[in-house]
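1. quick one: sequence and predicted model below, then my questions.
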Amino acid sequence: MDAVNIRIGHLIFDHADYDAESDVLYLHIGEPQPAEGKETPEGHLLRFVPGTQQIVGLTIVGARERVERDGQLQVTAPEVVVASGDSLAGALQIA
């Protein structure tokens, strides 16, 4: 898990793990921990501290494909927030 500083709207993730073979980006606030998941309208998985609305992680399937296609990533968390492709380039290993 790499230490990063990725901002998506008001959320700041400080850990990222990218599975290039599956094109899945796992973002965490702090170290990964047990969490409850909720799918967003875009098909991402938001992870919350159990029993709360405190976001601790985000799983993005097709992350690189979405960024290359759209130039950005949109997440409803619960309001719509956006990250530019440039801000995700390091985590997605995009040159």
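-> That came in fine, so what should we check first?

2. next secondary structure after the helix or strand of the chain with the lowest mean pLDDT?
-> Counting by mean pLDDT, DSSP states H and E, the chain has its least confident helix or strand at strand 80-84, which shows a mean of 70. Next helix or strand after strand 80-84 toward the C-terminus (DSSP states H and E): helix 85-92.

3. who touches that following helix?
-> Among residues not part of helix 85-92, those counted as contacts by CB atoms under 8 Å, 6 or more residues apart in numbering are 2, 4, 6-8, 16, 18, 25, 27, 63-64, 67-68, 70-73, 94-95. C-beta coordinates here come from the backbone N, C-alpha and C atoms, glycine included.

4. so which residues of the chain form helices?
-> In the chain, the segments counted as helices under DSSP state H are 63-70, 85-92.

5. want to try CSV for these, with mean pLDDT as columns?
-> Rendered in CSV, the data for the helices of the chain read as follows (pLDDT from 0 to 100):
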stretch, mean pLDDT
helix 63-70, 92
helix 85-92, 77
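
6. could I get these in a markdown table, plus columns for distance to residue 37 and mean neighbour count?
-> Compiled in a markdown table, those are given as follows (distance: least, CB to CB, whole Å; neighbours: other CB atoms under 10 Å):
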| stretch | distance to residue 37 | mean neighbour count |
| --- | --- | --- |
| helix 63-70 | 16 | 17 |
| helix 85-92 | 20 | 18 |
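
7. to residue 48, which of those lies closest?
-> Of all those, it is helix 63-70 that lies closest to residue 48, at 19.9 Å by CB to CB.

8. return the list of helices and strands in contact with the closest one.
-> Packed against helix 63-70 by the contact rule (3 or more CB pairs under 8 Å, 6 or more residues apart in numbering; DSSP states H and E) you find strand 24-28, strand 72-76, helix 85-92.

9. returning to that earlier point: which one of the helices of the chain lies closest to residue 56?
-> By CB to CB (comparing all of the helices of the chain), the closest turns out to be helix 85-92, at 16.8 Å.

10. the closest one to helix 63-70, inter-axis angle?
-> Here helix 85-92 points in a direction 160 degrees away from that of helix 63-70 (axes from the mean of the first three to the mean of the last three CA atoms, to 10 degrees).
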